[in-house]
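Participant: got a predicted model here, sequence first, then my questions.
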Amino acid sequence: METLITAIAVIVLVLAGVIAVRSYAKRLASGCCGGGGQKSDRKVRVADRNKAHYPYSAVLDIDGMVCAACARRVENGLNRLDGVWATVDLGKKQAAVRMKTPYPEAELRRAVRESGYTMLRMRQDQPS
């Protein structure tokens, strides 16, 4: 009976070890703990970097970002929107978004969600 208990304990430990190794390998492959198996993206560069061309702005509170790769995914997702220039502050867990025309909150929320994160709140700034 004691041998059976020992064998079961060894099997459980081996399975836990296999799961841990697979999880760690997935993190290494995705470049982030929250990557969800996504391939690491190159930074999306905004062609028009003249702040005067972006009269509208908002600050988005983002949940789920824990590393630079997370911040880059959110920034890239927003920067893919036409007429948007976003920068992410990982420490504040916020994205500062400049827009050429006002974007509906739902569109910005969708871009963040498709990047794998959650937009908690949006604070719209007045046009400058």
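Facilitator: Cool, got the structure.
Participant: go ahead and confirm residue 90 touches residue 64.
Facilitator: No: counting by Cβ atoms under 8 Å, residue 90 does not reach residue 64; the two are 11.4 Å apart. Quick note: C-beta positions are derived from backbone N, CA and C, even for glycine.
Participant: touching both of these two, which residues are there?
Facilitator: residue 70 (Cβ atoms under 8 Å, 6 or more residues apart in numbering).
Participant: tell me what the worst-scoring helix or strand of the chain on mean pLDDT is packed against?
Facilitator: Across the helices and strands of the chain, mean confidence by mean pLDDT, DSSP states H and E is lowest for helix 2-30: a mean of 81. Packing contacts for helix 2-30, counted by 3 or more Cβ pairs under 8 Å, 6 or more residues apart in numbering; DSSP states H and E, involve no helix or strand.
Participant: after it, next one along is what?
Facilitator: Scanning forward in sequence from helix 2-30 by DSSP states H and E, the next helix or strand is strand 56-63.
Participant: just the C-alphas of that following strand, formatted as CSV.
Facilitator: Extracted as CSV, the C-alpha positions of strand 56-63 are listed here (Å, rounded to 0.1, in the frame of the first residue of the first chain):
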residue,chain,number,x,y,z
TYR,A,56,-7.7,65.4,-29.8
SER,A,57,-6.3,63.3,-27.0
ALA,A,58,-7.3,60.9,-24.3
VAL,A,59,-5.8,58.9,-21.5
LEU,A,60,-6.7,55.2,-21.3
ASP,A,61,-6.3,53.2,-18.1
ILE,A,62,-5.2,49.7,-19.2
ASP,A,63,-5.4,46.5,-17.1
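Participant: show me which residues of that strand are buried.
Facilitator: Within strand 56-63, the residues scored as buried using 16 or more other Cβ atoms under 10 Å are 56, 57, 58, 60, 62.
Participant: show me the beta-bridge partners of the last one.
Facilitator: Note on residue 62: beta-bridge partners residue 119, judged by DSSP bridges.
Participant: my read: it touches residue 118, true?
Facilitator: Yes: shown here, residue 62 and residue 118 form a contact pair, counting by Cβ under 8 Å, at 7.0 Å.
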